[in-house]
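Enquirer: Please find the sequence and the predicted model below.
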Number of protein chains: 2
Amino acid sequence: MDFRIICTDPTSGGRLGALRTAHGEAQTPAFMPVGTQATVKALIPEEVWEIGARIILCNTYHLYLRPGAELIERAGGLHRFMNWQGTILTDSGGYQVLSLGHLRKLTEEGVRFRSHIDGSSHLFTPELCVEVQEKLGSDLLMPLDICLSLPASRRAVEDASSRTTRWARRGKEYHQDKPGALFGIIQGGIYSDLRLASLEQLEEIGFAGLAIGGLSVGEEKEAMLETLARLLPAMPPSKPRYLMGMSAPSALVRSVALGVDLFDCVLPTRLGRNGTVYCQRGKINIDNARFRDDFSPIDETCDCYVCRNYSRAYLRHLFTSKEMLGGRLLSYHNLRFMEHLMEQIRQALREGSFPAFLATFEATYKEASINV
Amino acid sequence: MDFRIICTDPTSGGRLGALRTAHGEAQTPAFMPVGTQATVKALIPEEVWEIGARIILCNTYHLYLRPGAELIERAGGLHRFMNWQGTILTDSGGYQVLSLGHLRKLTEEGVRFRSHIDGSSHLFTPELCVEVQEKLGSDLLMPLDICLSLPASRRAVEDASSRTTRWARRGKEYHQDKPGALFGIIQGGIYSDLRLASLEQLEEIGFAGLAIGGLSVGEEKEAMLETLARLLPAMPPSKPRYLMGMSAPSALVRSVALGVDLFDCVLPTRLGRNGTVYCQRGKINIDNARFRDDFSPIDETCDCYVCRNYSRAYLRHLFTSKEMLGGRLLSYHNLRFMEHLMEQIRQALREGSFPAFLATFEATYKEASINV
């Protein structure tokens, strides 16, 4: 992996970068669509590429359980298995083990849990976690971490954070210099001193990039941004910074201003399947009766295939008729909205107009669902 | 509408034709994918076109109930509403009224029924049926007919058939020479004399094309083919002949040999969503455990996007993981299989090798599910 900064915004922590792996280059800040089970739900890889994504995220826990890392390895790796030519980042599965696994038991050795699919028993260790991602042929690997829901006690956060760091070391020792770039995951909840300690320990071990885990998991948005504001200036500028699982557009642009390079979240596709779509001024629900005979596109300012070819009335018809094409088209639009947002951010950083972009965006886009 | 015969097979009733409407030309014999609710399930119109389809079928009953013909008319017609540039054939809705409508009451005036969606009461008359299709902007319209399930008594079939013809006359009187070509629907079950009488009466009224309804509704395949064999020679060669709702490949090729020009059926997409796919030698179920680590395509001889890019193992993974992309890709393949079959049929007719094609196909393809 190679990461370089192209330019920085002098008024904020924002930076334009380029991240290169064996599967091509992605400009950052970048939003990574989530392909949990080796598919960005409802879309083919060519569409995900056309939308503008160059990195997607797949899920180690899900793929380990089904269809299994060995099978994907025999298929020629995850890229070939799912037909994606770009970069793949695999998350560690730590979050899923803790949220989906049954009867889980956390020890220093690892996490023992039962599969949410068939109840089979598994021990996920830091070594196995990295081994699975190596078999998948991932470009960007995450070590096994412990992601707590917030609020959590300082003691619990401290324990989870320090164990995450010990596991990261074991992951690094297992991975050595095999193909694929292993990140470290900074934990520490909203305790800035714990975050900084986590960062320092991970930097001692030495990772190709740094992920920020354990945010956007129940805390207030302002607490999250404040945590980022204290953490990011201490992070080495030369390494990519990945804020895990966060996609609310308003928090995303502010995180960019603080210096985050990579984002991912299931929300654009999940919201799409549930009929909620992003517009320039906020989200709307296509199911609303007022769209019944609205023959305008989802968003007049959007350049996507869906907005060029279909009306809100048609999309509402698909949604109310429970037609699969509805979820597919709304997912496509929402992902294009996110990628288009990232393109605008990168252009503003390139042209030195990021502060103006930020001000305009914050004046225009509202997180609450709107009536358009 | 303009229909011309390009050439005929001297050894059978098979014929190569071209059907032109305001929305372009389709070579026949043609298979029409079904887009019941103004969407060929899971696919975008560009894919349906790429697969090779030039005519799709939409459903008058479904669109009349939801979102309503007036709404589609205000949207600029069905083509624009759903973004399909080719020809649209709309079926009459008679079959759906009888199979889906609740508390239906059949009188000479029409069919009174309650909506399967919201229980609302509706009276569908032959005039309304044509009016709805005119509002949709259909290219090929079907009059309201009565489609009985077989077996049925000769008396019941005779009554349904003669009422269908009276309704066809009312439909014709309503439609006059407005845009769109109105077909007549031949009924008569497997009673050849009733079929021939139905044909004669429809020909007296005069329709642009002739549909054959009430087959593939429970009778034996041989009885269906025998009925066709007696009916088709009596049909005027100059008009397109549409066999409604039949898609079993083995019966389809034999129907072509008897002189049928148009086919439709929901099966290719429905089977796809349920994990069953067409191969050169027959159908397979992708869910089968033996495909778990089968890294070959669905069908080595298929040229489709799915077979060029995905393995059976991946498609099985999508299906067992209940991923929407599975139904989408399997539907795509199955429709391409049907369209490719039609292309082979047309090429054989063009090159004078239809008998050889027929013999090879019948020796290769088996209707029962196979182990490949």
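Expert: Nice, I can see it.
Enquirer: Surely A:Asp145 touches A:Gln187?
Expert: Yes - assessed by C-beta atoms under 8 Å, A:Asp145 is found in contact with A:Gln187 at 6.3 Å. The way it works is simple: take the backbone N, C-alpha and C, and place the C-beta from them, glycine included.
Enquirer: Look up the residues that both of the two are in contact with.
Expert: A:Thr164, A:Gly213, A:Gly214 (C-beta atoms under 8 Å, 6 or more residues apart in numbering or on different chains).
Enquirer: where's the dip in pLDDT among those?
Expert: Across the set of these, A:Gly214 stands lowest in pLDDT, at 92.
Enquirer: Run a quick neighbour tally on it.
Expert: Neighbour count of A:Gly214, defined by other C-beta atoms under 10 Å in any protein chain shown: 34.
Enquirer: Shouldn't it be within a strand?
Expert: No - assessed with DSSP: H, G, I helix; E, B strand; the rest coil, A:Gly214 is coil; it does not lie in a strand.
Enquirer: Low-confidence regions, chain A specifically.
Expert: By pLDDT under 70, the weakly predicted segments of chain A are A:371-372.
Enquirer: Name the residues of it found near chain B, please.
Expert: A:37-39, A:41-44, A:66-67, A:71, A:74-76, A:81-83, A:292-293, A:295, A:309-311, A:313-314, A:316-318, A:320-321, A:323-325, A:327-329 (C-beta under 8 Å from any C-beta of the partner chain).
Enquirer: Could you turn the buried ones of those into a PyMOL selection?
Expert: Restricted to buried positions by 16 or more other C-beta atoms under 10 Å in any protein chain shown, the PyMOL selection for these reads:
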select buried, chain A and resi 37+38+39+41+42+43+44+67+71+75+81+82+83+293+295+309+310+311+313+314+316+317+318+320+321+323+324+325+327+328+329
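Enquirer: Among the residues of chain A next to chain B, which ones are in helices?
Expert: Residues of the residues of chain A next to chain B located in helices (DSSP state H): A:71, A:74, A:81-82, A:309, A:313-314, A:316-318, A:320, A:324-325, A:327-329.
Enquirer: farthest-separated two in the residues you listed?
Expert: Largest separation among those by C-beta to C-beta: A:Arg74 and A:Ala313, giving 47.3 Å.
Enquirer: Now do the same contact list for A:Leu271.
Expert: A:Leu271 touches A:Val277, A:Tyr278, A:Lys283, A:Leu330, A:Asn334, counting by C-beta under 8 Å, 6+ apart.
Enquirer: Check the secondary structure at it for me.
Expert: helix.
Enquirer: how much space between it and chain B?
Expert: Going from A:Leu271 to chain B by C-beta to the nearest C-beta, to the nearest Å gives 15 Å.
Enquirer: How about A:Arg20?
Expert: In terms of C-beta to the nearest C-beta, A:Arg20 sits 25 Å off from chain B.
Enquirer: Doesn't that residue belong to a strand?
Expert: Yes - judged by three-state DSSP, A:Arg20 forms part of a strand.
Enquirer: Chain neighbours aside, what residue packs nearest to it?
Expert: A:Asp2 (4.3 Å; C-beta to C-beta, 6 or more residues apart in numbering or on different chains).
Enquirer: Show me what A:Ile284 bridges to in the sheet.
Expert: A:Val277 (DSSP bridges).
Enquirer: From chain B, how far out is it?
Expert: 18 Å.
Enquirer: That residue contacts A:Gly275, correct?
Expert: No - with contact defined as C-beta under 8 Å, A:Ile284 does not count as touching A:Gly275 (9.2 Å).
Enquirer: sorry, back to before: based on its surroundings, how many neighbours for the residue nearest to A:Arg20?
Expert: So A:Asp2, with other C-beta under 10 Å, has 10 neighbours.
Enquirer: same check, this time on A:Arg114
Expert: A:Arg114: 14 surrounding residues under other C-beta under 10 Å.
Enquirer: And A:Arg112, by the same measure?
Expert: A:Arg112 has 17 nearby residues by other C-beta under 10 Å.
Enquirer: same thing with A:Ser255?
Expert: 27.
Enquirer: In chain A, which residue sits furthest out from the middle?
Expert: Distance from the centre of chain A peaks at A:Asp293, with 35.5 Å (C-alpha atoms, centre = their mean).
Enquirer: and A:Leu63, what does it touch?
Expert: A:Gln37, A:Ala38, A:Ala69, A:Ile72, A:Leu78, A:Thr90, A:Val132, A:Leu136.
Enquirer: domains for chain A, by residue range?
Expert: A:2-265, A:272-364 (automatic domain parsing).
Enquirer: among those, which is nearest B:Ala22?
Expert: When those are compared (using C-beta to C-beta), the closest one is domain A:272-364, at 20.1 Å.
Enquirer: Between the two ends of that closest one, how far is it?
Expert: Domain A:272-364 has an end-to-end distance of 21 Å (C-alpha to C-alpha, to the nearest Å).
Enquirer: closest to A:Leu103 among the ones in helices among the residues of chain A next to chain B?
Expert: A:Leu71 (25.4 Å).
Enquirer: Skipping its backbone neighbours, what lies nearest the closest one in space?
Expert: Nearest residue to A:Leu71, sequence neighbours excluded (C-beta to C-beta, 6+ apart): B:Asp293, at 5.8 Å.
Enquirer: Same question for A:Ala368.
Expert: Using C-beta to C-beta, 6+ apart, the closest residue to A:Ala368 is A:Gly282 (6.6 Å).
Enquirer: That neighbour: neighbouring residues, count only.
Expert: A count of neighbours around A:Gly282, defined by other C-beta under 10 Å, yields 17.
Enquirer: residues in contact with it?
Expert: Neighbour list for A:Gly282: A:Tyr365, A:Lys366, A:Glu367, A:Ala368, A:Ser369, A:Ile370, A:Val372 [criterion: C-beta under 8 Å, 6+ apart].
Enquirer: Please apply the same query to A:Asp293.
Expert: Applying C-beta under 8 Å, 6+ apart, we find A:Asp293 in contact with A:Ala313, B:Leu71, B:Arg74, B:Ala75.
Enquirer: if we go to 7 Å?
Expert: A:Asp293 is in contact with A:Ala313, B:Leu71, B:Arg74, counting by C-beta atoms under 7 Å, 6 or more residues apart in numbering or on different chains.
Enquirer: Quick one: those residues as CSV, columns for distance to B:Ala197 too.
Expert: Listed next are those as CSV, based on distance: C-beta to C-beta, whole Å:
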residue, distance to B:Ala197
A:Ala313, 45
B:Leu71, 40
B:Arg74, 42
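Enquirer: Just the closest of the residues you listed to B:Leu103, please.
Expert: Distance to B:Leu103 across the contacts of A:Asp293 (C-beta to C-beta) is lowest for B:Leu71, with 25.4 Å.
Enquirer: Look up how far B:Thr107 lies from the spatially most central residue of chain A.
Expert: Residue closest to the average C-alpha location in chain A (C-alpha atoms, centre = their mean): A:Asp264, at 1.5 Å. Look at A:Asp264 and B:Thr107: by C-beta to C-beta, to the nearest Å, they are 61 Å apart.
Enquirer: and what of A:Asp118?
Expert: To B:Thr107, A:Asp118 is 56 Å away according to C-beta to C-beta.
Enquirer: now A:Thr21
Expert: 70 Å.
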